[in-house]
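> only geometry, no sequence info:
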Ligand code: CTP
């Protein structure tokens with residue numbers, strides 16, 4: 001097997017301090033996207049060793065991997081035997097990410113086969129392992145693949161759900177490798193959690209995000225200023241902690257996160273329908289979306305025109321259903337954890353406590369909103385109120401920190417699993 005050695009300029013300097021990532025690449029057409037993942041990992045200060053399979057090299061050659069990573073590249077255990085690479089590479093890693101992971105690679109990993117350097121590395125690694133599968137829809141849906149994925153998840157690996165979209169050839173469906181930037185996000189979060197087990201593995205969680213828009217006519221709507229960033233942070237955090245995540249988003253315009261099933265909706269009624277469908281088998285639901293309390297009573301099918309008399313139309317509103325209260329009152333499964341958000345401008349805590357009681361949810365994340373607070377920003381500050389009276393303040397910080405705290409608080413409240 002061909003071995004390409006390229007020493008990256010300055011590679012030795014400070015390399016010891018960098019987190020060590022093994023990028024496993026198996027033989028799928030999406031291998032070219034792993035070059036972008038590799039670039040993101042190296043540019044953000046990771047020491048990346050690429051371990052392709054023989055078939056991966058049909059798609060992207062060893063010279064590319066070696067040049068981009070600054071490390072020699074080999075596919076088998078017989079190169080540089082004195083360095084015992086089949087053991088060392090896995091043992092030394094802080095994270096192994098396999099992208100793309102083919103159906104064959106998932107099968108080998110699930111059954112502990114070790115016939116090349118990558119599969120040996122997977123057996124010797126004691127660090128977190130992330131698989132980003134990519135394959136045709138039929139192969140992904142095949143019971144053999146699904147059982148292999150379940151086995152890997154049960155053992156603690158993070159297996160990212162493939163994206164839906166254009167596949168090789170003319171086919172479209174589930175099986176696309178998610179966007180490399182999104183796989184990078186999962187890796188970053190998994191690395192941040194270190195050796196901590198993916199504690200939401202085997203769980204299905206539903207998150208709503210964004211703000212609903214209630215149409216008045218074909219060009220106008222009643223909306224709100226929710227950016228959806230907090231909901232996306234919750235969805236990404238849950239995926240990195242091993243959960244199967246359904247994200248119901250309204251009008252955010254944010255790209256779909258890797259490994260998350262995204263349902264796009266517009267109005268409160270559409271959001272309600274999508275959330276109620278998704279929670280049927282969910283362990284927890286977090287309503288981070290800003291749902292309009294009212295919608296226009298009448299939708300004008302043509303644009304509402306100005307009148308010559310100088311007057312303005314009166315818009316009559318009707319109440320939308322309170323989805324959070326409904327979820328809490330009629331839990332789709334016994335013990336399903338229901339989490340709400342409350343955006344308050346005054347008497348924040350008092351209103352929050354009252355809202356928690358009124359809505360009947362298990363946890364309520366209360367934050368203060370205003371002109372310059374929370375909406376659209378990357379940061380948030382909140383207090384999480386629990387139905388048992390516990391109150392957890394979350395200091396001002398990134399929305400992803402609040403997301404982690406929410407899942408930390410959901411975790412002990414989840415019903416026991418049967419598996
Ligand atoms: N929510 C909902 N359905 C609605 C309105 C709100 O599910 N029709 C959810 C939101 O997703 C959020 C929580 O309820 O999780 C709190 O929303 P908020 O607007 O603060 O509460 P309201 O019940 O609308 O109370 P207020 O009278 O303060 O507007």
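Perfect, thanks for sending it. Note that the structure is a prediction, hence the values are computed from the model and not measured. Residues are numbered from 1 along each chain as shown.
> to the chain's geometric centre, what's the distance from the one helix or strand residue 144 maps to?
Element membership of residue 144, judged by DSSP states H and E, is helix 143-154. Computed by Cα atoms, centre = their mean, to the nearest Å, the separation of helix 143-154 from the middle of its chain amounts to 19 Å.
> Which strands or helices does that helix pack on?
Counting contacts by 3 or more Cβ pairs under 8 Å, 6 or more residues apart in numbering; DSSP states H and E, helix 143-154 is packed against helix 103-111, strand 129-133, strand 158-159. For the C-beta atoms, the positions are set from N, CA and C on the backbone; glycine is no exception.
> Show me the beta-bridge partners of residue 174.
residue 164 (DSSP bridges).
> May I have the residues that are in contact with residue 18?
45, 46, 47 (Cβ atoms under 8 Å, 6 or more residues apart in numbering).
> Name only those of those residues that count as buried.
46, 47 (16 or more other Cβ atoms under 10 Å).
> Using JSON lines, lay out the contacts of residue 18 together with secondary structure and pLDDT.
Listed next are the contacts of residue 18 as JSON lines, based on DSSP: H, G, I helix; E, B strand; the rest coil; pLDDT from 0 to 100:
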{"residue": "45", "secondary structure": "coil", "pLDDT": "95"}
{"residue": "46", "secondary structure": "coil", "pLDDT": "96"}
{"residue": "47", "secondary structure": "strand", "pLDDT": "96"}
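> Make a markdown table from the contacts of residue 18 and add distance to residue 244 to it.
A markdown table is the format used below for the contacts of residue 18 (distance: Cβ to Cβ, whole Å):
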| residue | distance to residue 244 |
| --- | --- |
| 45 | 30 |
| 46 | 27 |
| 47 | 31 |
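> For residue 163, give me the pLDDT.
Residue 163 carries a pLDDT value of 90.
> tell me the contacts of it?
Per Cβ under 8 Å, 6+ apart, neighbours of residue 163: 174, 176, 177, 178, 179, 256, 258.
> cool, residue 65 as well?
4, 25, 35, 38, 50, 52, 73.
> before we move on, back to that, of the contacts of residue 163, which pair is most distant in space?
Among the contacts of residue 163, the pair separated by the greatest distance (Cβ to Cβ) is 174 and 179, at 14.8 Å.
> just the contacts of residue 163 now: which is nearest residue 308?
residue 256 (47.3 Å).
> Now for the closest one, how many residues are close by?
Counted with other Cβ atoms under 10 Å, the neighbours of residue 256 add up to 19.
> Residue 253 too?
8.
> pLDDT score assigned to it?
95.
> same check, this time on the one 4 residues further on
Looking at residue 257, its pLDDT reads 90.
> So the closest residue to it other than its chain neighbours versus the ligand, what's the distance?
Spatial nearest neighbour of residue 257, excluding adjacent residues (Cβ to Cβ, 6 or more residues apart in numbering): residue 236 at 4.9 Å. Residue 236 sits 19 Å away from the ligand, going by Cβ to the nearest ligand atom, to the nearest Å.
> Check residue 117 too.
For residue 117, the distance to the ligand - Cβ to the nearest ligand atom - is 48 Å.
> For that residue, give me its contacts.
Contacts of residue 117 by Cβ under 8 Å, 6+ apart are 51, 74, 75, 76, 77, 85, 86, 89.
> Closest to residue 263 out of the residues you listed?
residue 51 (35.9 Å).
> near the ligand, which residues of the protein?
Residues of the chain lying close to the ligand by Cβ under 6 Å from any ligand atom are 268, 287, 289, 291, 293, 320, 322-324, 340-343.
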